[in-house]
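> using only what follows, build the 3D model:
(chains A, B, C and D)
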Protein chains: 2
Amino acid sequence: MQVQQPEGYDPRAFAPFAVTVDLAVFTVRDGRLHVLLVRRGQEPHAGRWALPGGFVLPHESAEQAARRELAEETGLSDATAAGLHLEQLATYSDPDRDPRMRVVSVAYTALVPDLPEPRGGGDAAHAQWLPHGAHGPSPAPGPVDRPPAALAFDHDTILADAHRRVGAKLEYTCLATAFCPPEFTLGELRQVYETVWGVTLDRPNFRRKVLATPGFVRAVDGPPRLTGGRGKPAALYRAGPATVLHPPLLRPEGRTG
Amino acid sequence: MQVQQPEGYDPRAFAPFAVTVDLAVFTVRDGRLHVLLVRRGQEPHAGRWALPGGFVLPHESAEQAARRELAEETGLSDATAAGLHLEQLATYSDPDRDPRMRVVSVAYTALVPDLPEPRGGGDAAHAQWLPHGAHGPSPAPGPVDRPPAALAFDHDTILADAHRRVGAKLEYTCLATAFCPPEFTLGELRQVYETVWGVTLDRPNFRRKVLATPGFVRAVDGPPRLTGGRGKPAALYRAGPATVLHPPLLRPEGRTG
DNA sequence: ACAAAAGTGTTTAAGTTACACCCATGT
DNA sequence: ACATGGGTGTAACTTAAACACTTTTGT
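From the prediction side, this is the model:
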């Protein structure tokens, strides 16, 4: 009501916002879903875990900022990071989400295959993979890092939204291959679904479903077989050109929320 | 790489952004999908159609700003507008999207029943419903307003994204009822799908599908019947408590993009 | 020999599609 | 009478779910 369009867009008057990106980077490791987190070194929320992220620079888009941060935090080369799956999740703009000033954050979700521990320059030094949420049917034995109780700022909300979004997208897109290395077995692909959804899937049916979807995966020709530990060697596949699943691969129990 | 976390968050240094909201408000009218647009009165893009929207005020969240703008542009009371379906779409942050300054815009999608022409105070004076995109199987006869060729800024992109999102959400959520008045017939509900998707659906099958989904619609008890013009009077329904569709109501031809 | 995982086959239920047909109302 | 849209029924087809069974490896 009391709003009026500014004539000249005085940046002093209409630019009271800082814009950041936050990254929810997922991977599947040892049958559990992991998230890349950083430990905050300063107030507020010093010592708490937080999603990696940073400021959007004046000359770049939010997506460019997110991809830059992703490369920094994962310690990968820009070339490698450029191929990773990055997707805008939502924007969080609660006026009180950062006590210091007005910060609007554009959250992105990234899916990466099981990478080596983040190392390298920049902020990567303190970035770490921590398990998150519903784990698959067979959690890794032995002691594992506990998922942190409460993240800094509203990052718990962002992370929950990201997990829900990823789970939903697995149903009707070919996104699951983004969790896998360039060549993978159908067992590895199935484990992605089982880990993110926290369910067990029928192996034969899963196989048929995937192979029946035209461009989901392409068989690697060679004499291609490989062992994933014990058991019969499995054929290798690559991600296909398809991007959507028709019909979708619905998760059991019919739950979406 | 050259980024560093600011110690004290100097707003002068880290607040070079203005944040706005843009609204893609859809309705179904006369069997065609319509969008609420405003005509720009000043440069840049003076005279072009644009999505309604405005600045996020310092004390409000983006969603609050969107809801406020929605009430203003539709000319509805705040109470009525509070019940409308509003959903965050995405954030558009290309550095060059506004030639005057750096503006990051959070886009929202709203679905409303066929409302009277927008009237009332504020910016509503120049807001208008214009047809958009794929129309249903039976376009309204007679001359209608042409959909504008090119919107201002990147609003064509936003509008296309919004349409795609709405179409996709109809498949696996109960969203379609947001296009309908409080009490509606199954024919009206079906017309929503047909209009947004631009297809014709089999009436008997659509009916069964909707009624078989537990909380999608609830029959209105009374002696409730009503005429939608010609033909047999139809039973009335209200939106049910369900929010997701299981299994989904897939559109024919299996196209999603 | 046994466990584990891949891969194939089959049976049964469930859901979808495409119709034919009757009902109630306006013109 | 006829057109129009609501509502019911049904058979053919397609898809999904459950489970038995064989193959190939490591221990």
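> who's in contact with the nearest residue to A:Leu37 once chain neighbours are set aside?
Counting by Cβ to Cβ, 6 or more residues apart in numbering or on different chains, A:Leu37 lies nearest to A:Trp49, which is 4.4 Å off, once chain neighbours are set aside. To be clear about C-beta, it is placed using only N, CA and C from the backbone, and glycine gets the same treatment. If you count contacts by Cβ atoms under 8 Å, 6 or more residues apart in numbering or on different chains, A:Trp49 has them with A:Leu37, A:Val38, A:Arg39, A:Arg40, A:Leu130, A:Pro148, A:Leu151, A:Ala152.
> pLDDT check: weakest of these?
Least confident by pLDDT among the contacts of A:Trp49: that is A:Pro148, with 74.
> look at that one and say how many residues are nearby.
For A:Pro148, the neighbour count with other Cβ atoms under 10 Å in any protein chain shown is 18.
> doesn't A:Gln128 make contact with it?
No - using Cβ atoms under 8 Å, A:Pro148 is not in contact with A:Gln128, being 10.3 Å away.
> shared neighbours, these two?
With Cβ under 8 Å, 6+ apart, A:Pro148 and A:Gln128 have common neighbours A:Leu37.
> quick one: residues contacting A:Pro182.
Counted by Cβ under 8 Å, 6+ apart, A:Pro182 has contacts A:Arg238, A:Ala239.
> quick one: secondary structure of it?
Put simply, A:Pro182 is coil when judged by DSSP: H, G, I helix; E, B strand; the rest coil.
> can you map out the helices along chain A?
A:11-14, A:62-74, A:78-82, A:155-172, A:186-197, A:203-212 (DSSP state H).
> the fifth one - contacts with which helices or strands?
Packed against helix A:186-197, as judged by 3 or more Cβ pairs under 8 Å, 6 or more residues apart in numbering or on different chains; DSSP states H and E, are the following elements: strand A:18-29, strand A:32-39, helix A:155-172, helix A:203-212.
> near DNA strand C, anything from that helix?
Yes - counting by Cβ under 7 Å from any atom of the strand, DNA strand C is contacted by helix A:186-197 at A:Leu186, A:Gly187, A:Glu188.
> from DNA strand D, how far off is A:His59?
46 Å (Cβ to the nearest atom of the strand, to the nearest Å).
> that residue touches B:Pro95, doesn't it?
Yes - here A:His59 reaches B:Pro95: they are 5.9 Å apart, a contact under Cβ under 8 Å.
> if you count what's nearby, which of those two comes out ahead?
Under the criterion of other Cβ under 10 Å, the comparison of A:His59 against B:Pro95 puts B:Pro95 first, with 16 against 9.
> residue contacts, that one?
Counting by Cβ under 8 Å, 6+ apart, B:Pro95 makes contact with A:Pro58, A:His59, A:Glu60, A:Ser61, B:Arg102.
> stretch A:191-211: end-to-end distance?
Stretch A:191-211 has an end-to-end distance of 16 Å (criterion: Cα to Cα, to the nearest Å).
> just how off-centre is that stretch within its chain?
Its chain's average C-alpha position is 19 Å from that of stretch A:191-211, according to Cα atoms, centre = their mean, to the nearest Å.
> list the buried ones in that stretch?
A:Gln191, A:Val192, A:Tyr193, A:Glu194, A:Thr195, A:Val196, A:Trp197, A:Leu201, A:Phe206, A:Lys209, A:Val210 (16 or more other Cβ atoms under 10 Å in any protein chain shown).
> now stretch A:32-41
A:Arg32, A:Leu33, A:His34, A:Val35, A:Leu36, A:Leu37, A:Val38, A:Arg40.
> turn the residues you listed into TSV, including distance to B:Leu236.
Below are the buried residues of stretch A:32-41 laid out as TSV (distance: Cβ to Cβ, whole Å):
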residue	distance to B:Leu236
A:Arg32	50
A:Leu33	45
A:His34	51
A:Val35	47
A:Leu36	52
A:Leu37	51
A:Val38	55
A:Arg40	55
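> can you list these in a markdown table and add distance to DNA strand C?
Output for the buried residues of stretch A:32-41, formatted as a markdown table (distance: Cβ to the nearest atom of the strand, whole Å):
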| residue | distance to DNA strand C |
| --- | --- |
| A:Arg32 | 15 |
| A:Leu33 | 18 |
| A:His34 | 19 |
| A:Val35 | 24 |
| A:Leu36 | 26 |
| A:Leu37 | 28 |
| A:Val38 | 33 |
| A:Arg40 | 38 |
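> among these, which ones lie close to DNA strand D?
Filtering those for proximity to DNA strand D by Cβ under 7 Å from any atom of the strand leaves nothing.
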